[in-house]
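Visitor: Provide a 3D model corresponding to the input given below.
(4 chains)
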Protein chains: 4
Amino acid sequence: MDQSPEFLAQVRLLAEAGRDLSARGWLPARTGHFSARLDDRHIAVTAPNREKSFLDRHDFLVVDLDGHVVAGSEEPAPETFLHIIMYRHDVQLGAVLHTHSVHATVLSRQFPGTLALRDYEVLRELPGVKNPARGLDLPVFANDPDVQQLAARVDAAMTREPNLAGFLIGGHGLYTWGASVELALHRVEAFEFMFQCETLAHQMSR
Amino acid sequence: MDQSPEFLAQVRLLAEAGRDLSARGWLPARTGHFSARLDDRHIAVTAPNREKSFLDRHDFLVVDLDGHVVAGSEEPAPETFLHIIMYRHDVQLGAVLHTHSVHATVLSRQFPGTLALRDYEVLRELPGVKNPARGLDLPVFANDPDVQQLAARVDAAMTREPNLAGFLIGGHGLYTWGASVELALHRVEAFEFMFQCETLAHQMSR
Amino acid sequence: MDQSPEFLAQVRLLAEAGRDLSARGWLPARTGHFSARLDDRHIAVTAPNREKSFLDRHDFLVVDLDGHVVAGSEEPAPETFLHIIMYRHDVQLGAVLHTHSVHATVLSRQFPGTLALRDYEVLRELPGVKNPARGLDLPVFANDPDVQQLAARVDAAMTREPNLAGFLIGGHGLYTWGASVELALHRVEAFEFMFQCETLAHQMSR
Amino acid sequence: MDQSPEFLAQVRLLAEAGRDLSARGWLPARTGHFSARLDDRHIAVTAPNREKSFLDRHDFLVVDLDGHVVAGSEEPAPETFLHIIMYRHDVQLGAVLHTHSVHATVLSRQFPGTLALRDYEVLRELPGVKNPARGLDLPVFANDPDVQQLAARVDAAMTREPNLAGFLIGGHGLYTWGASVELALHRVEAFEFMFQCETLAHQMSR
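Guide: Predicted coordinates:
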């Protein structure tokens, strides 16, 4: 196992994020995947099928940006390739969090294609949103058992929109990221807040 | 009282499950029943009318798979016979959890017969679901003060569908199970997640 | 202040109930009142305007069943007279809990007169309900700044229905009771569970 | 940094309020601003972009009622001017809390202009409400990137209605206040309770 200070520091931050996000109910039944960058070629990523409320360093693999495991004895989860695509796109990107809340799941099923988020003050927390009134169009990708195909669609979307702040996968939750675990966590909070607002507004105003 | 290491280990796991599931609000007002297999002929099961947030070993009975109490001075709750039927069907089955959430209760009343669960990534956590798109038809049995009759209907359903992962009882909540207490807990989480999604989707889209 | 063992034991139980029910969000902004019987002529009752999440013995008064303060230097809250009426009706009655949840408040406003609760397994927790299918008709009284008038209506309802298990006041929450603080707490849980089910079902099926 | 006993006492109370209100989910993603009066010319106010769940004294600035920083090395957040306007209006005012809940945000978007709150017993917690039946009309101001213009509208509203207890900003949450941090917290709780009731009632009865 990797024993480098950077690995130990990053997995501690991800384990803390796991406790926090599990307590909010956004990681039910071993769903979710987390990763953090170790250097320009490597990331630490959660191993498959881990309970996210009590991760420790044995629950993480080190993989390079071609997808090869360099520390850890398990195969990485297929979703690892989605993480890798994001790190390749942006050298500033430090962490990727995939959560699986009720609100994200329901919206991802009811708004295939795009979820429009407008007029929320918290939009200012997200990159590339200067005017909350114009807001953000969050891509919603159809779920696909072939993760490589899903990865190709995410890759194309990130190329079209370099300021992309996150995306949904149908029936499968949210991916978001940031320069650090802490900043990625703020984005999870901002998105989940807007998802809760959107579902509540739809319940009131249909 | 039973003092065997297997009894003590299993009731500790069930007590922990009780604290966890009570904290989520899924066991209000002394509802719910838990059990775990001790060997091929015996199970530990919660005694009647216990508050599930602070169970200890005195809150459990040992019964054999004919329903006779072999340790403990109380009559078992009638629901014990539902548990026994499941252990008889599958020798791999290690634990049964009956929870009583708001979302399970409301769905069990609004969808008598069957609740269809489709296109959820978490369906992969359940046995016999290889394709989330085809999903799962969860049986919903009418509540019946005669537990023996209810047990006969559950027995027939398990015979028809050996991969059955759980069922609802009208106004009365969820039964699910697994090879261990931990795996049964993951299924409770997966089902409750989908129940929350289903109720929220119905609130938004009717 | 009263220093009797019975007073100290009962206020400890009520303080614990206050922490528990506050944590669930059912006692916002200093709402709610609790009481417990000390003997056939006296009760301990919360003094006015207390934050219910950290009560201690200084937050309680002792009043007799005519409403006179016998220990404590404050005037009792007007709602104290509602409590007294219940203790007079039933010598077995050991505790009264008044909570103020969102769900109880909304239902009390939308169903003036009576809230019908049917087909819930938890109805078995309540007195006088042998058949969940027949269920319970919970009285909903209009709020009234004149607590004496409100008390007279409650008195009449308890005379008509000696097995009454609780009632709602419009915009003002739930009153329920039991032979002990613990049993009254179970009834709060059972009622709040059904209130959550009722509001959710109405959101889904209008 | 200010080391006066009054500064240290007030920021401790505000930090505690931050932990409490964050735990309820009312301050997602570094939203919210808090302040407390130090004397007739100065307030302590949260510095920009702080996570509100673990504030300490280094997260606060001291500003005078003209908006000049007198202790602290950062520029105050633009919203600080909204706080200042309130302290100028009322010398009894001791604390201002700005929270950012889902329910407040959704209502502020669906009821531009005014939110009518009627027939809630908790209205008695608010200033100037003697009769819950007549209730309270809560102003809802459109969000405005120009905080000075927003401040001018708030100023006019407080002049027209000296008993004003709070207001909403579209997509941006609640401002409320009180003679102390504790009393302002009670008002946050009372408002959020009514916001939850209002959204639930709209979901049930449209």
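Visitor: for chain A, which segments count as strands?
Guide: Applying DSSP state E to chain A gives strands spanning A:33-37, A:42-46, A:60-64, A:69-71, A:95-99, A:113-117, A:136-141, A:166-169, A:173-178.
Visitor: nearest to C:Gln110, of those?
Guide: Among those, strand A:113-117 comes nearest to C:Gln110, with 31.6 Å by Cβ to Cβ. For the C-beta atoms, the positions are set from N, CA and C on the backbone; glycine is no exception.
Visitor: hmm, back to that, so which of the strands of chain A gets nearest chain C?
Guide: Minimum separation from chain C across these (Cβ to the nearest Cβ) falls at strand A:113-117, 21.7 Å.
Visitor: flag every buried residue along the closest one.
Guide: Judged by neighbour count using 16 or more other Cβ atoms under 10 Å in any protein chain shown, the buried positions of strand A:113-117 are A:115, A:117.
Visitor: try stretch A:62-71
Guide: Neighbour-count burial for stretch A:62-71, counted by 16+ other Cβ under 10 Å, picks out A:62-63, A:69, A:71.
Visitor: can you check stretch A:44-61 too?
Guide: Applying a neighbour-count criterion of 16+ other Cβ under 10 Å, one finds A:44-48, A:50-52, A:55, A:57, A:59-61 buried in stretch A:44-61.
Visitor: which outside residues touch that stretch?
Guide: A:1-2, A:7-8, A:10-12, A:14-15, A:18-19, A:21-23, A:27, A:30-36, A:38, A:62-63, A:69, A:71-72, A:74-77, A:80, A:83 (Cβ atoms under 8 Å, 6 or more residues apart in numbering or on different chains).
Visitor: which of these fall within helices?
Guide: A:7-8, A:10-12, A:14-15, A:18-19, A:21-23, A:80, A:83 (DSSP state H).
Visitor: circling back to that earlier point, farthest pair in the buried residues of stretch A:62-71?
Guide: A:Val63 and A:Ala71 (8.6 Å).
Visitor: rewinding a little: columns mean pLDDT on top of the strands of chain A, output as JSON lines?
Guide: Formatted as JSON lines, the strands of chain A follow (pLDDT from 0 to 100):
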{"stretch": "strand A:33-37", "mean pLDDT": "97"}
{"stretch": "strand A:42-46", "mean pLDDT": "97"}
{"stretch": "strand A:60-64", "mean pLDDT": "96"}
{"stretch": "strand A:69-71", "mean pLDDT": "93"}
{"stretch": "strand A:95-99", "mean pLDDT": "98"}
{"stretch": "strand A:113-117", "mean pLDDT": "95"}
{"stretch": "strand A:136-141", "mean pLDDT": "95"}
{"stretch": "strand A:166-169", "mean pLDDT": "96"}
{"stretch": "strand A:173-178", "mean pLDDT": "96"}
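Visitor: closest to B:Trp177 out of those strands?
Guide: If you check each of the strands of chain A against B:Trp177 by Cβ to Cβ, strand A:173-178 wins as the nearest, at 26.2 Å.
Visitor: do the closest one and chain D meet?
Guide: No - counting by Cβ under 8 Å from any Cβ of the partner chain, chain D has no neighbours in strand A:173-178; the shortest distance is 11.4 Å.
Visitor: what's the answer for stretch A:134-144, then?
Guide: No - Stretch A:134-144 lies out of reach of chain D by Cβ under 8 Å from any Cβ, never closer than 10.2 Å.
Visitor: go on, stretch A:196-204?
Guide: Yes - with Cβ under 8 Å from any Cβ as the criterion, chain D is reached by stretch A:196-204 at A:196-197, A:200-201, A:203-204.
Visitor: taking those residues one by one, which sit in helices?
Guide: Secondary structure assignment by DSSP H places A:196-197, A:200-201, A:203-204 of the residues of stretch A:196-204 next to chain D in helices.
Visitor: between the residues you listed, which sits nearest chain B?
Guide: A:Gln203 (4.7 Å).
Visitor: okay, now the closest one: neighbour count?
Guide: 22 (other Cβ atoms under 10 Å in any protein chain shown).
Visitor: that one contacts D:Leu200, correct?
Guide: No - applying Cβ atoms under 8 Å, one finds A:Gln203 not in contact with D:Leu200, separated by 9.3 Å.
Visitor: check the buried residues of stretch A:62-71 against chain C, which are close?
Guide: Okay, of those, nothing touches chain C (Cβ under 8 Å from any Cβ).
Visitor: format those residues as TSV; extra columns: distance to D:Trp177.
Guide: Shown next, in TSV, are the buried residues of stretch A:62-71 (distance: Cβ to Cβ, whole Å):
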residue	distance to D:Trp177
A:Val62	51
A:Val63	52
A:Val69	56
A:Ala71	54
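Visitor: I'd assumed A:Tyr87 was in contact with A:Leu65.
Guide: Yes - A:Leu65 is within contact range of A:Tyr87, at 6.0 Å (criterion: Cβ under 8 Å).
Visitor: of all residues in chain A, which one is closest to chain C?
Guide: For chain A, Cβ to the nearest Cβ, closest residue to chain C: A:Gln203, 6.6 Å.
Visitor: wait, isn't A:Val70 in contact with A:Val63?
Guide: Yes - using Cβ under 8 Å, A:Val70 is in contact with A:Val63, at 6.6 Å.
Visitor: so can I have TSV of the residues of stretch A:196-204 next to chain D showing distance to D:Arg187 and pLDDT?
Guide: TSV is the format used below for the residues of stretch A:196-204 next to chain D (distance: Cβ to Cβ, whole Å; pLDDT from 0 to 100):
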residue	distance to D:Arg187	pLDDT
A:Gln196	23	97
A:Cys197	22	96
A:Leu200	22	95
A:Ala201	25	93
A:Gln203	26	91
A:Met204	24	88
